[in-house]
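Visitor: Next input, structure requested:
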Amino acid sequence: MLAVMTTRLAVLGNGNMGWNVLLGALDAKVLEPDEVVVVESNPVRADLAAARGIRIVNAHDALEAEHLFLAVKPQNFQTLAREMGPLSVRRVVISVMAGIRSTSIRKALGELAAVVRVMPNTPARLRAGVSAICAGDGAQPEDLAFPHQLMSSVGSVVEVTENHMYAVTATSGSGPAFVLRMAEVMEAAAIKEGLDHEVARALVQKTILGTGRLMLETGEEPSELREAVTSKGGTTAAGLDAMTAHGFDEAVTAAIRAATERGLELDREHG
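Guide: Alright, predicted model coming up:
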């Protein structure tokens, strides 16, 4: 039997996101290895965890941890819930599963589950992510303290209400793919205009990185920063006019809308 007082977190589904958050928390000293257990079927991941001094347990024994971090694919959740069985004591359940509402999670795990939903994004891999958290079904405001600390180890954290998690998923969860798609197109267009591949890539990478820092560190509105670099009749204005003419605004808006709608569909499918 695992010691309840020392096992602060059980990570169930130690894929890329679960692993990144776990490593971030360990490196930031939010957790010590002997305070964590993982449920992991992948032998490579299990060996990596064991090398860090982390115990590997089954889904039922993971329930001894004070906090349960659900990082499985949504379609695998019901199978995991059956393996775990209903909770016999109150536990804070931290879910990073997109498209499964807290009411569905609590229904599967029992009334003693206090569900906190989290939506991180892939830059968490470099401790540069942004995560949204919300108190879900059965959770009290104080239940957000540890999840907030946990996710702060891999980036910044914002708090939202659960009904906004679909828009969060579309904006920051899917957002890196949208930015990367733009980077792909910019790079290909630059090469078409005669730039060497390595030069084009460096220009695009540093432009996106620097512009992100500019928004973050100046605190100015994106529109203000855009206007500052846009001279009337200049090259930037010509490019922006072309983007508008080809429906750039509509495309980005449609992407956010489609991703939000898909989140709602997944909720219905898994609810």
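Visitor: Helices of the stretch 1-150 of the chain, residue ranges please.
Guide: 16-27, 43-51, 77-84, 102-109, 145-152 (DSSP state H, counting those that start in this stretch).
Visitor: buried ones in the third one?
Guide: Going back to what we said before, that points to helix 77-84. For helix 77-84, the neighbour count (16 or more other C-beta atoms under 10 Å) marks 77, 80-81, 84 as buried. All C-beta atoms are positioned from the backbone trio N, CA, C, and that covers glycine.
Visitor: right, and the helices of the stretch 1-150 of the chain - which one's nearest Val57?
Guide: Among those, helix 43-51 comes nearest to Val57, with 10.5 Å by C-beta to C-beta.
Visitor: Off-centre distance for that closest one?
Guide: Put simply, helix 43-51 sits 23 Å off its chain's centre (C-alpha atoms, centre = their mean, to the nearest Å).
Visitor: Tell me what angle that helix forms with helix 16-27.
Guide: 10 degrees (axes from the mean of the first three to the mean of the last three C-alpha atoms, to 10 degrees).
Visitor: Using TSV, lay out the buried residues of helix 77-84 together with pLDDT.
Guide: Formatted as TSV, the buried residues of helix 77-84 follow (pLDDT from 0 to 100):
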residue	pLDDT
Phe77	92
Leu80	91
Ala81	93
Met84	90
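Visitor: of those, closest to Met151?
Guide: Phe77 (19.9 Å).
Visitor: tell me the contacts of the closest one?
Guide: 70, 97, 100, 105, 108, 270 (C-beta atoms under 8 Å, 6 or more residues apart in numbering).
Visitor: show me the contacts for the closest residue to the fourth one other than its chain neighbours.
Guide: Spelled out, that is Ile105. Sequence neighbours aside, Val115 is the residue nearest to Ile105 in space, at 4.9 Å (criterion: C-beta to C-beta, 6 or more residues apart in numbering). Contact analysis of Val115 by C-beta under 8 Å, 6+ apart lists 93, 95, 102, 105-106, 136-139.
Visitor: Just read off the phi/psi values of Lys73.
Guide: phi -70, psi 140 (degrees, to the nearest 10).
Visitor: Test my guess that it contacts Gly13.
Guide: Yes. The pair Lys73 / Gly13 is scored as a contact, 7.4 Å apart, by C-beta atoms under 8 Å.
Visitor: More neighbours: which of the two?
Guide: Gly13 (22 against 11; other C-beta atoms under 10 Å).
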